[in-house]
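Undergrad: Here's my sequence, what's the structure:
(2 chains)
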Amino acid sequence: MGESTFLEMNDILKQFPGVVANDHVNLRVQRGEIHGLLGENGAGKSTLMKILYGLYTQDAGEIYLDGSRLTLESPQDAIDAGIGMVHQHFQLIPRLTVAENVVLGEREPATMFRPEAASESRLPDALLSNSLVQSIAKQFSLGLDVPKRRIQELADQYGFDIDAGAKIWELDVGQQQRVEILKALYRDVDLLILDEPTAVLTPTEAEQLFESLDRLTDEGLSIIFITHKLDEVEAIVDRVTILREGENVGTETVSEVTQADLAEMMVGREVLFQLEKDGIEFGEPVLQLNDISADNDRGIEALSGIDLTVREGEVVGIAGVSGNGQKELAEVAAGIREPTGGEIVVGGTDLTGAKPKRFVDNAVSFVPEDRLRYGCAEDLSVMHNAMMKEFDGSRFGDAVGLDYDELAAYAELLVEEFDVRGAGDVTATDAGDLSGGNLQKLILAREINRDPALLIANQPTRGVDVGAIEFIRETLLEQRKDGTGIVLLSEDLDEITDLSDRILVIYEGEFVYETTPDRADRDRIGLEMTGGQATGEPGKTGAEPEQTPVVTGQNGEHR
Amino acid sequence: MNVEVDLTAREDTPRWLTYAVPVCTILAALGVGAIVLLVIEINPLEAYSIMFVDTLTSEIGQTDTLIRAVPLILAGLAVYLPLKAGLFNIGAEGQLVFGALAGAWVGLNVSLPGYALVALMFLAAAVAGGVLAAIPAWLRAKWDINEIITSLLLTFVALEILSYMVRGPMQGGSGNFPQTERFSDAATIPTLFTRVHAGILVAVLMVALTYVIMSKTRLGFEITFIGSNDEAAVQAGMSKYKVYLFVFILSGAFAGMGGISEVAGVQGRLRAGFEPGYGFTAIPIALLGRNSAIKVMLAALFFALLFVGGTNMEVFLGIPAALVEVIQALIILFLIAGEFFKSYRVTVDIDRSPAPAPAETPKGDA
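TA: Numbers count the residues shown, from 1 in each chain, chains lettered A, B, ... in the order given. Predicted coordinates:
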């Protein structure tokens, strides 16, 4: 790399309790390049960037910027060193103007106190250059004229098409993002970190962003571009560093590798387990989604026209990179997110628009992706959590009363049967005190012991230790044998191919590819997951429920 | 010099600490109060002995404490129950006043034989309090409007309505005071012993009811779960709408009953400003007793003791009322702060070597 290396992160180690988020990661960014940081969720991208931005402190390793060593204890340190970051979620105040948002946190004295605007000031030079006057002016006066002019100049220089006097709420998302970039530029950064900048943008807005980024690098700025989408890497990135499970897999020059190579580096994993899977006759459909569309939490369309049929005893694996609609799909199917269009039929009953309770009563079980938020109440006992759905069953009391002894006994049974360790006294141990794997086992126990007709499992083994992973996968297959229809959403391709009877790939809210595990080509799936363009003849789009488990065997075409 | 204060959450609270903390915090509060007393040249030991020992050992003191405790227990429950569901009922004061108003109207305008009238007054008070409390609950459940603000603001609405009623339609008695006529004997809550009225039975009954709801019913399970993680609870099919309305309406009923028991049990008529803010005192009571309804009752009794003992100090030693309030406030403050030490371990690190502070440390920024 030699002389042109601008940023060097050497041997960065960062551990959280039970997890190594960054395992001796190296990163080298050259001056004036757009450097991609590619990896799945949980691969350690964000941790690495938070270290660089002073939000975390590394356990070991060193950071050099432009040859000098940095000690970063806060984002202010990072900004002072010339490192700026644009977060995925904007940190703007909608009621204030662009200029006000940009200068927020800086001291901007009124124009009359500014030496650089001496021509506009009527103060004598002696006063103007007096440091006491200056410090008082900085504390107690505020003038936005000069900053506003500079911000407008910056915006025009980079072709940002933003009026510095406009209020933030008047701007569209793409413009708001450019305001975030302006905030960094105004502070004279040399290195800009963009955290999945296109996640909130439409394709056109993304194009505009890419143009702006090109201009920035022409001016000598270096950019780190965090992403997990391969087509973006191809479109904008010069060199890319791939992280997987906290480790640096390699740094490649984008023009020298194919998307398939990158996909393999990113998602390729060794097979951990060989699971026994018997052939099963599929029964009646337990879930039918017809032309479902839904918005995400921010009101942006996350699912557009999903068709899906799951039958008794069938495991449908849905592969995809996080953020392509899996969360929304799982929540719609589990009844906790109302679709904006389409129809949900569970076991022959139309449940479109029904309350979560009716899904629960219709034997739908759900293992949510975010188990702390949706799967349990951390501060309540293991018993409370084990009984979260079953407590109104008739065996636990009469119409009003609830027999807590019976609840505890049943919870203990679950804990024993599913080998939940560390529960101790189920009424005294809080769910939050269990380890991630054991908590997940508890949630799975709760969901499976209800003998569900349909089980939605979103990332059931994420963040779970190896032993628990095996147990959870075996449990899912057992449940399949009992005739439960299972929707398995996972970013782990091995998990999908090992467990599924049918594999669907979701990308940007649509199914783009369908296959079976026997015929699955991992590179192809990896490519489809990341929106990569495959070569070959165009084929059918999406799932064809009627033909299950027949594979379309052709290319999924999207957009 | 660098001082670093480090807070770590305790894994579990040692048993001795659960008892040591309240004792030590009360002693510490009294210690600080003693300084105040010494400044105005009063022997703190004598003052505290009057405040606590004399109050607890004399019949008058015991009676007053029990009478004071009735509205405090009921209002305390009115804050406690929503707290269990993750909501803050800051408007117990308004619900209490509204209940007193409705109960007093029934007492003045309805005639029924025996104890039936008193029972009807309690019912009216409960309904009125419940109706007032239902508004913030409904707004929260339906539109996610912050119940802290709505319940607090409705308190002022209730206070103004009371003020209007006792000066206008319900004004009565001799002279032109903002008060109603005296209640008839049938509209007065009967006394049990000395001056302690039957309202104390209602309060204890409601404590028992709350305890049973929270620890023996399906609804209690839902309240607990929604209070801990409402998103998971909704996913499991529980209804926030139902639970929010239930806890608030029942709370309003508790507070309303507290209001009528004060008016018809102690004062004998409804006055403007008839009570010293029991509904607001209920908030620290519920925070202290948040682990169970029975602890709410104990906390309410303790607060009643503070009120009565404070008055005694004022009467016997001539300590200004404001100073008495300062001492009461100190005790409450220390108790609530003490709760914090139960769940966190505090370590203070003093690093005397000159810190390698970066040169750009902002100066003078508060």
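Undergrad: and the residue in the stretch 451-559 of chain A positioned nearest to chain B, what is it in contact with?
TA: Using C-beta to the nearest C-beta, the closest approach of the stretch 451-559 of chain A to chain B is made by A:Ile456 at 11.0 Å. Backbone N, C-alpha and C define where each C-beta goes, glycine included. For A:Ile456, the residues meeting the contact criterion (C-beta atoms under 8 Å, 6 or more residues apart in numbering or on different chains) are A:330, A:333-334, A:364-367, A:486-487, A:489.
Undergrad: what about 7 Å?
TA: Counting by C-beta atoms under 7 Å, 6 or more residues apart in numbering or on different chains, A:Ile456 touches A:330, A:333-334, A:366-367, A:487.
Undergrad: Likewise for B:Ile73?
TA: Contacts for B:Ile73 were tallied using C-beta under 7 Å, 6+ apart; they are B:203, B:207, B:297, B:300.
Undergrad: what's the helix or strand hosting the last one packed up against?
TA: Looking back up the chat, that one is B:Ala300. Here B:Ala300, judged by DSSP states H and E, is contained in helix B:293-317. Helix B:293-317 makes packing contacts with helix B:55-57, helix B:59-84, helix B:199-216, helix B:278-288, helix B:321-343 when contacts are defined by 3 or more C-beta pairs under 7 Å, 6 or more residues apart in numbering or on different chains; DSSP states H and E.
Undergrad: sorry, back to before: and the contacts of A:Ile456, which are buried?
TA: When neighbours are counted using 16 or more other C-beta atoms under 10 Å in any protein chain shown, those contain these buried positions: A:330, A:333-334, A:366-367, A:487.
Undergrad: Would you map the strands across the stretch 201-350 of chain A?
TA: Along the stretch 201-350 of chain A, the stretches classed as strands by DSSP state E, counting those that start in this stretch are A:222-227, A:239-244, A:247-253, A:285-295, A:301-311, A:315-319, A:341-346, A:349-350.
Undergrad: Chain B: which of these is closest?
TA: Closest of these to chain B is strand A:341-346, at 13.7 Å (criterion: C-beta to the nearest C-beta).
Undergrad: Could you list the paired strands of that closest one along with their orientation?
TA: The strands beside strand A:341-346 in its sheet (DSSP bridges) come out as strand A:285-295 (antiparallel), strand A:349-350 (antiparallel).
Undergrad: returning to what we had before: pull out the buried positions in the helix holding B:Ala300.
TA: For helix B:293-317, a neighbour-count test (16+ other C-beta under 10 Å) marks B:293, B:295-314, B:317 as buried.
Undergrad: for stretch B:189-198, same thing?
TA: By 16+ other C-beta under 10 Å, the buried positions in stretch B:189-198 come out as B:189, B:196-198.
Undergrad: just stretch B:208-224 next, same as before
TA: For stretch B:208-224, the neighbour count (16+ other C-beta under 10 Å) marks B:210-211, B:213-214, B:216-224 as buried.
Undergrad: need those residues in TSV with pLDDT and distance to chain A, can you?
TA: What follows is the buried residues of stretch B:208-224, written out as TSV (pLDDT from 0 to 100; distance: C-beta to the nearest C-beta, whole Å):
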residue	pLDDT	distance to chain A
B:Thr210	96	15
B:Tyr211	95	13
B:Ile213	94	9
B:Met214	93	11
B:Lys216	91	6
B:Thr217	91	5
B:Arg218	90	5
B:Leu219	92	7
B:Gly220	92	7
B:Phe221	93	5
B:Glu222	93	8
B:Ile223	95	12
B:Thr224	93	7
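Undergrad: Closest to A:Arg371 out of those?
TA: Set against A:Arg371, the nearest of these by C-beta to C-beta is B:Thr224 (19.2 Å).
Undergrad: quick one: contacts for the closest one?
TA: With contacts defined as C-beta under 7 Å, 6+ apart, B:Thr224 is in contact with A:380, A:384, B:84.
Undergrad: Could you do A:Asn324 as well?
TA: If you count contacts by C-beta under 7 Å, 6+ apart, then A:Asn324 has A:506-509 around it.
Undergrad: Just give me the neighbour total for the closest residue to chain B within the stretch 101-250 of chain A.
TA: Here the residue of the stretch 101-250 of chain A nearest chain B is A:Gln139; by C-beta to the nearest C-beta that distance is 7.6 Å. Neighbouring residues of A:Gln139 were enumerated by other C-beta atoms under 10 Å in any protein chain shown; the total is 12.
Undergrad: what residue is smack in the middle of chain B?
TA: Note on chain B: the residue nearest the mean C-alpha position is B:Ala282, at 0.9 Å, using C-alpha atoms, centre = their mean.
Undergrad: Break chain B into its domains for me.
TA: If you go by automatic domain parsing, the domain ranges for chain B are B:1-42+B:320-356, B:69-318.
Undergrad: show me where the stretch 151-300 of chain B has helices.
TA: Ranges of helices in the stretch 151-300 of chain B, per DSSP state H, counting those that start in this stretch, are B:199-216, B:218-228, B:230-235, B:240-262, B:278-288, B:293-317.
Undergrad: For the ones you listed, give me TSV that also has distance to A:Val29.
TA: Supplementary listing: these in TSV, determined by distance: least, C-beta to C-beta, whole Å:
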stretch	distance to A:Val29
helix B:199-216	57
helix B:218-228	45
helix B:230-235	39
helix B:240-262	48
helix B:278-288	52
helix B:293-317	58
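Undergrad: Mind listing what's buried along the helix or strand where B:Trp138 lies?
TA: With elements delineated by DSSP H and E, B:Trp138 resides in helix B:116-143, which encompasses its position. Within helix B:116-143, the residues that count as buried by 16+ other C-beta under 10 Å are B:117-118, B:120-141.
Undergrad: before we move on, the earlier item: list just the nearest of the buried residues of stretch B:208-224 to A:Glu417.
TA: Distance to A:Glu417, by C-beta to C-beta, is smallest for B:Phe221 among these, at 22.1 Å.
Undergrad: So for that closest one, what's the nearest residue that isn't a sequence neighbour?
TA: Beyond its immediate neighbours in the sequence, the residue positioned closest to B:Phe221 (C-beta to C-beta, 6 or more residues apart in numbering or on different chains) is A:Phe391, lying 5.1 Å away.
Undergrad: can I assume the one you found sits in a helix?
TA: No: assignment of A:Phe391 by DSSP: H, G, I helix; E, B strand; the rest coil gives coil, placing it outside any helix.
Undergrad: hmm, back to that, the inter-axis angle of the helix holding B:Ala300 versus helix B:199-216?
TA: For helix B:293-317 against helix B:199-216, the angle by axes from the mean of the first three to the mean of the last three C-alpha atoms, to 10 degrees is 150 degrees.
Undergrad: rewinding a little: looking at the strands of the stretch 201-350 of chain A, which one is packed in the most?
TA: Among the strands of the stretch 201-350 of chain A, strand A:315-319 has the highest mean neighbour count (mean count of other C-beta atoms under 10 Å in any protein chain shown), at a mean of 27.
Undergrad: quick one: strands adjacent to that one?
TA: Based on DSSP bridges, the strands next to strand A:315-319 in the sheet, each with its direction, are strand A:485-490 (parallel), strand A:502-507 (parallel).
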